[in-house]
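J.: quick one: sequence and predicted model below, then my questions.
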2 protein chains.
Amino acid sequence: MAVATGERVRRAAVKLFATKGFHGTGIRDLAQAAKLSSASLYHYMGTKEELLAGIMRDCLRNLLDEATTALEGVSDPVERVRRLVTVHVTAHARQPNETRVADDNIEVLSPRLRRDVVRLRDDYEALWSDTIEEGLREGVFDTAQPTVTRIAVLDMCTGVARWYSSRGPLSLRLLAEHHVELTLRALGVRVSAGCGLANSRDPQACPGAAAEGRSWGE
Amino acid sequence: MAVATGERVRRAAVKLFATKGFHGTGIRDLAQAAKLSSASLYHYMGTKEELLAGIMRDCLRNLLDEATTALEGVSDPVERVRRLVTVHVTAHARQPNETRVADDNIEVLSPRLRRDVVRLRDDYEALWSDTIEEGLREGVFDTAQPTVTRIAVLDMCTGVARWYSSRGPLSLRLLAEHHVELTLRALGVRVSAGCGLANSRDPQACPGAAAEGRSWGE
DNA sequence: GCGAACCGATCGATCGATCGGTAGCCTCTT
DNA sequence: AAGAGGCTACCGATCGATCGATCGGTTCGC
C-alpha cells in the first residue's frame, strides 16, 4: 500500500480541520476523505477530539524541536531571532494546514487534552521570550513593550500559514528573510545598510505572494 | 426594556461565535444566551448564517467608515499609517469579539453572503495598500516586499483582538501607539529619536497586556 | 381585528459514537 | 498438514442526541 491507513486519516483530518474547522468537519466527511467507513475511523483515531489533539501536539512538538535544534550553541540574540523566525515562517509556509490547526483550535480542546498542547506552546514561546529579554539586556534590542512586540511578531509570522502559496512569485527563502527583517526592525535592531539582510529598495512591481487577492475568501 | 430583543440576539451571537465558533454554536445556545426560545430567534435573525453575515458586514463597515473618516484630508503617508493603525488596533481592542468574528469566518459564508463581506474587506485593505504605495513613491517608506509587509502588519494589528485586555496594565492609548511604532518600523520609516512616538527604553518590568499567559488557552 | 412578539412541539437531517459482525493473516498445537 | 485461536483491518446498521428550521398557535398593545 502506498500510504498507511492511519496516515491517510491523519492527513485527511489536517486538511479538513484546516479548511472547514473542527466543528465544521463531520466524521463522515473525514471517513470519505480518508476512503474509509466512519466506523473504521475509530480503529485509528480515538475520538474526533483526540485526533485533533494528536495533530496539534505533533505539530507543536515538531516546531519546538526544530527551534531548539536551530538555537543550539547560538547565543547572539540577533542570530537567535533570525533562526527562530526562519524556523517559524518556514514551518508555517510549508505546512500551513498543520500549523493552522495547531494555532486555531486550542480553545476547542477539553481541559484534559488542552494541557499538553498549552505546555508545548508555552515552552516554544519561552524560547522567544528568553531571546528577546537577553537581547534587551545586552542592549541590541530596543522596544518599549517587549511582550507586545513578541506577540505581534509571532502573530505576523504565524499569519504566513493563512496566505502564503509556494506557487506564488515569492520564494520560501525570500519570505523567511523578509520576516527576519520585519522582526529585527520591530525589535529595534539597527541593520547596518548593505550588509547581511540589508533591504535595498526593490522597485519591481509588488512581488506579493499568492497574487494580490490573498488566499482566503477568494 | 433595557436592551431591545434583536440587539440581545446580536450580542449573544457575537459573544458565542467569537468564543465557540460559528459551527460550535447551536441555535439553542444562542436562544439561551439571548433569553429567548429557539423558535423566537427566527423572528429576529434570518438563518443562522445570515445572522453571522450581518455581524461581519456591520463590523467591517464600521471599520471602513472609521478609517475613511480618520484619513479625510490627510495626505502624508506616515500620518495616514498612524491613523490607520490607531483605528484598526483600537477597534480590535475595544470590540474583540466583533472583529474576531469578522476576521475568522469569511470561509464559512456561502458565496452569496460572502461577496459583500469580501468587498468590504478589500475596500478596507485598499486604504492600506494605497497608503503604503504612496509612501514608497514618496520615498518615506522602505520595504522590499510591500505586499508581504502590509499583510504582516495587518495580521499583527488584528491579533490584538485575540489577547488584549483592557483590564491589563497596558492602556489602549499605549497599545495603539506601540503598534504605530511597530508598523512604521516595519515600513522602514526612520523615526527621529526623542520626537513624536519615540521609543525610549522603558525598563519597567514587561508591562505586557493581560498578564503573561495570553488570553487564549488558559 | 391586525400585526408584532413570542413559544411548545416537532420536523427531517445529521451529529459523534458503538454495535456485532466478516475476511484475511499469523502463530501455535497436535 | 490440519485445524484452532487470536489479531488486525475493516464495515453495515444503528444508537441516542442534537442539529437548523418550521409549524400552528397565544398574548397583547394599538
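T.: On my side now, so go ahead. Remember, it's a predicted structure, so these values are computed and weren't measured experimentally.
J.: remind me which helix or strand residue A:178 belongs to.
T.: Using DSSP states H and E, residue A:178 maps to helix A:172-186.
J.: list the contacts of that helix.
T.: A:78, A:81-82, A:85-86, A:89-90, A:93-94, A:143, A:149, A:152-153, A:156-157, A:160, A:164, A:166, A:191, A:197, A:199, A:209, B:144-145, B:148-149, B:152, B:182, B:185-186, B:188 (Cβ atoms under 8 Å, 6 or more residues apart in numbering or on different chains). In this view, the C-beta of every residue, glycine as well, is placed from N, C-alpha and C.
J.: how does it look with 7 Å?
T.: Under the criterion Cβ atoms under 7 Å, 6 or more residues apart in numbering or on different chains, residues A:78, A:81-82, A:85-86, A:89-90, A:93, A:149, A:152-153, A:156-157, A:160, A:164, A:166, A:191, A:197, A:199, B:144-145, B:148-149, B:152, B:182, B:185-186 lie in contact with helix A:172-186.
J.: chain neighbours aside, what residue packs nearest to the residue most central in space within chain A?
T.: Nearest to the geometric centre of chain A sits residue A:92, at 3.7 Å (Cα atoms, centre = their mean). Leaving aside its sequence neighbours, residue A:92 sits nearest to residue A:161 (Cβ to Cβ, 6 or more residues apart in numbering or on different chains; 4.0 Å).
J.: I'd say that neighbour and residue A:101 touch.
T.: No. Taking contacts as Cβ atoms under 7 Å, residue A:161 lies outside contact range of residue A:101: 9.6 Å.
J.: list phi and psi for the residue nearest to residue A:92.
T.: Note on residue A:161: backbone dihedrals following degrees, to the nearest 10 are phi -60, psi -20.
J.: how far away is it from residue A:63?
T.: Separation of residue A:161 from residue A:63 (Cβ to Cβ, to the nearest Å): 12 Å.
J.: how about the helices in chain A?
T.: A:5-20, A:27-33, A:38-44, A:48-71, A:77-94, A:96-104, A:111-138, A:146-158, A:160-163, A:172-186 (DSSP state H).
J.: can you list those in CSV and add mean pLDDT and distance to DNA strand D?
T.: Below are these laid out as CSV (pLDDT from 0 to 100; distance: least, Cβ to the nearest atom of the strand, whole Å):
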stretch, mean pLDDT, distance to DNA strand D
helix A:5-20, 96, 3
helix A:27-33, 97, 7
helix A:38-44, 96, 3
helix A:48-71, 98, 13
helix A:77-94, 98, 28
helix A:96-104, 98, 19
helix A:111-138, 98, 19
helix A:146-158, 98, 28
helix A:160-163, 98, 25
helix A:172-186, 98, 35
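J.: could you point out which of these sits nearest residue B:107?
T.: helix A:5-20 (7.2 Å; Cβ to Cβ).
J.: give me the residues contacting the closest one.
T.: In contact with helix A:5-20 (Cβ under 7 Å, 6+ apart) are residues A:25, A:29-30, A:33-36, A:41, A:44-45, A:51-52, A:55, A:97-98, A:100-101.
J.: PyMOL command for the buried members of the residues you listed?
T.: Remark: buried members of the contacts of helix A:5-20, expressed as a PyMOL selection using 16 or more other Cβ atoms under 10 Å in any protein chain shown:
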select buried, chain A and resi 25+30+33+34+36+41+44+45+51+52+55+97+98+100+101
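J.: which parts of chain A belong to which domain?
T.: As given by automatic domain parsing, the domain ranges for chain A are A:1-45, A:55-186.
J.: would you tell me which one of those is buried the most?
T.: Among the domains of chain A, domain A:55-186 has the highest mean neighbour count (mean count of other Cβ atoms under 10 Å in any protein chain shown), at a mean of 19.
J.: measure the residue lying closest to residue A:117 once chain neighbours are set aside to residue A:31 for me?
T.: Of all residues not flanking residue A:117 in the chain, residue A:56 sits nearest, at 5.0 Å (Cβ to Cβ, 6+ apart). The gap separating residue A:56 from residue A:31 is 21 Å, by Cβ to Cβ.
J.: restrict the contacts of helix A:172-186 to those near DNA strand C?
T.: By Cβ under 7 Å from any atom of the strand, no member of those lies near DNA strand C.
J.: right, and the residue nearest to the centre of chain A touches residue A:162 too?
T.: No. Contact criterion Cβ under 7 Å: residue A:92 and residue A:162 do not qualify, at 8.6 Å.
J.: for residue A:154, what are its contacts?
T.: Applying Cβ under 7 Å, 6+ apart to residue A:154 gives the contacts residue A:128.
J.: spell out which parts of chain A neighbour DNA strand C.
T.: So far as Cβ under 7 Å from any atom of the strand goes, chain A lies against DNA strand C at A:23, A:25-29, A:38-39, A:42, A:47-49.
J.: need the max-distance pair from these.
T.: The span of the residues of chain A next to DNA strand C, defined through Cβ to Cβ, is set by A:23 and A:39 at 21.3 Å.
J.: not counting sequence-adjacent ones, nearest residue to residue A:88?
T.: residue A:157 (4.8 Å).
J.: do residue A:120 as well
T.: Residue A:120 sits nearest to residue A:60 (Cβ to Cβ, 6+ apart), 4.0 Å away.
J.: enumerate every residue touching the closest residue to residue A:129 other than its chain neighbours.
T.: Once flanking residues are discounted, residue A:129 sits nearest to residue A:150: 6.2 Å by Cβ to Cβ, 6+ apart. Applying Cβ under 7 Å, 6+ apart, we find residue A:150 in contact with A:128-129, A:132.
J.: looking at those residues, which is nearest DNA strand C?
T.: residue A:128 (34.3 Å; Cβ to the nearest atom of the strand).
J.: report the contact partners of the residue nearest to the centre of chain A.
T.: Contacts of residue A:92 by Cβ under 7 Å, 6+ apart are A:99, A:157-158, A:160-161.
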